[in-house]
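Undergrad: Task: produce atomic coordinates for the following.
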Amino acid sequence: MALLPTSDLSNPNTFPTYFNLPPEYEVNDTCYTSTKPRKHWCFLGKVVSSGALVRLTLEVEDKKGHKFLVAFHTDDRGAAFQAQCTPGNTIAVLYATQHTFAFSPPGLRLEESSHVKVFPYKLEKMLETSKEIFGKAKTGRCEVCMTVDTTMKRCAQCKSAWYCSKACQTKGWKTHKDKCTLFRDVQWFVSRNWESGSKTHAFPVERASWNGLLC
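TA: The predicted structure follows:
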């Protein structure tokens, strides 16, 4: 399946910065069944700092360097995400909207756990990996011997590394294994059609309590 330009993490419409997110009062159920101005989107930002009193709160920086508040109003008040939200990690928020807080500057209010995921990588690294995946898809070269072959196979885990033979795959694993998980996580975004489909996208949900135990 050919990759769509709208699936590249650098696409400004599918993966907008904070000021390009729609205000929450402009979003309703019809937004997800219409194609204008966009059908599906996801905010990507860098976790700058975190705190947890009543609920988990973050300072997040978008791709343009704008920093703002992210507050978890999920059922567990962000407990499932607390350990993951270390500075430098990347937070992804599906269908993010600008929220006006009563006593704080505008930011993101997160209510759906299935719309949030935190990745243990720098945002810049995820953007580079997305670019690399698109480049690999265009060239179709073996990762090891650089042969171009229409019958090449992909890594079963990340679907991003190409090999012309089992021998090349075995030889290339030593180099690829450290990047495979990153490629797999970015492939989740790249492989999706962000322009059509009647169902909203969602991340797998893990629930936790504030004592750190899964519940």
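
Undergrad: where does this structure have low pLDDT?
TA: Where the chain drops to pLDDT under 70, the residues are 1, 27-38, 150, 198, 206-215.

Undergrad: list the buried ones in stretch 55-72?
TA: Within stretch 55-72, the residues that count as buried by 16 or more other Cβ atoms under 10 Å are 55-63, 68-72. All C-beta spots, glycine's among them, are computed from the backbone N, C-alpha and C.

Undergrad: Out of those, which sit inside helices?
TA: Under the assignment DSSP state H, these contribute nothing to helices.

Undergrad: Closest one of those residues to residue 18?
TA: The closest of the buried residues of stretch 55-72 to residue 18 turns out to be residue 62 (Cβ to Cβ; 4.7 Å).

Undergrad: The closest one contacts residue 21, correct?
TA: No: here residue 62 lies out of contact with residue 21, judged by Cβ atoms under 8 Å, at a distance of 9.2 Å.

Undergrad: which neighbours do the two share?
TA: Counting by Cβ atoms under 8 Å, 6 or more residues apart in numbering, the common neighbours of residue 62 and residue 21 are residue 43.

Undergrad: Pull the residues that contact the host helix or strand of residue 182.
TA: Using DSSP states H and E, residue 182 sits within helix 166-190. Applying Cβ under 8 Å, 6+ apart, the external contacts of helix 166-190 come out as 3, 7-9, 15, 42, 92, 119, 121, 125-126, 129-130, 133-134, 142-145, 153, 155, 157-161, 163.

Undergrad: Could you give me the PyMOL syntax to select whichever of those residues are buried?
TA: What follows is the PyMOL syntax selecting those of the contacts of helix 166-190 that are buried according to 16+ other Cβ under 10 Å:
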select buried, resi 3+7+8+9+15+42+92+119+121+126+129+130+133+134+142+143+144+155+158+160+161+163
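
Undergrad: Just the ones of the contacts of helix 166-190 in helices?
TA: Per DSSP H, the contacts of helix 166-190 map to helices at 125-126, 129-130, 133-134.

Undergrad: Return the member of those nearest to residue 81.
TA: Closest approach to residue 81 among the ones in helices among the contacts of helix 166-190 (Cβ to Cβ): residue 126, at 17.4 Å.

Undergrad: how far away is that closest one from residue 120?
TA: For residue 126, the distance to residue 120 (Cβ to Cβ, to the nearest Å) stands at 11 Å.

Undergrad: How about residue 159?
TA: Relative to residue 120, and taking Cβ to Cβ, residue 159 is found at 20 Å.

Undergrad: Number of residues surrounding residue 182?
TA: 19 (other Cβ atoms under 10 Å).
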